[in-house]
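Undergrad: my questions are about this predicted structure, shown below with the sequence.
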Amino acid sequence: MAYAVLSYPEMNDRDYQKIQQYRKENDEWLFTVVDPHITLVFPVFETTERDFMAEIEDLGRDAHKIDLIFRCAVINKDSFSDYYHALLVPDEGFSRIVKLHDKFYSRNLKPHHRMDIDFIPHLGIGNSKDKEHCKRMVDEWNREDFSIAGTISSLSIVRYENGTVENIKEIRLK
């Protein structure tokens, strides 16, 4: 069992449906497991639910809503598998997400901070073991100008076990 912190950006229904349809066709891993999200704290296995929740609630207490605009897709090689990922990366809101991510790893979770892996705030939209196929996904999104606005207005503390994600606590942002 592991605990993580996700945000499910609020966006208009048209954009949400577009992302979900694309994920349904192109996301071999997570489409059936979790809704479109940005991960702020990656799964931590060596903790108790009580300690994890207390740390996130304390550090997230003064966090403010984050407005986002996604205008670009990028490809990223997974550090733990043979997969490549197509990601929507926010132009606006990027630095605020990074700073909140880093804040969560500043105290008790510091030993779990994977500084050997770049943290790129993103919404995953597709993946493949074939890097050229994944690159085509990214090119498909970037061929046209697009702008998807959203807001992170809450954080979800989740339990990850046996390939399922369960929301156990929501923290509303100011």
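TA: Cool, got the structure. Residues are numbered from 1 along each chain as shown.
Undergrad: rest of the way, CA atoms for contacts and neighbours
TA: Fine.
Undergrad: now the element after the helix or strand harbouring Gly126, going C-ward?
TA: Element membership of Gly126, judged by DSSP states H and E, is strand 123-128. Of the helices and strands lying after strand 123-128 in sequence (DSSP H and E), the nearest is helix 131-142.
Undergrad: helices or strands up against that following helix?
TA: Here helix 131-142 touches strand 66-77, strand 84-92, strand 123-128, going by 3 or more C-alpha pairs under 8 Å, 6 or more residues apart in numbering; DSSP states H and E.
Undergrad: highest mean neighbour count out of these?
TA: strand 123-128 (a mean of 24; mean count of other C-alpha atoms under 10 Å).
Undergrad: can you list the helices and strands packed on helix 131-142 in CSV and add mean pLDDT?
TA: Formatted as CSV, the helices and strands packed on helix 131-142 follow (pLDDT from 0 to 100):
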stretch, mean pLDDT
strand 66-77, 98
strand 84-92, 98
strand 123-128, 97
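Undergrad: hang on, the earlier thing: tell me which strands the strand holding Gly126 pairs with, and in which orientation.
TA: strand 84-92 (antiparallel) (DSSP bridges).
Undergrad: give me the contacts around the strand it pairs with.
TA: Counting by C-alpha atoms under 8 Å, 6 or more residues apart in numbering, strand 84-92 makes contact with 67-78, 120-131, 134-135, 137-138, all of which sit outside it.
Undergrad: looking at the helices and strands packed on helix 131-142, which is closest to Thr48?
TA: Comparing the helices and strands packed on helix 131-142 by their distance to Thr48 (C-alpha to C-alpha), the top pick is strand 123-128, with 27.4 Å.
Undergrad: and the closest one with strand 66-77, angle?
TA: Using axes from the mean of the first three to the mean of the last three C-alpha atoms, to 10 degrees, the inter-axis angle of strand 123-128 relative to strand 66-77 is 10 degrees.
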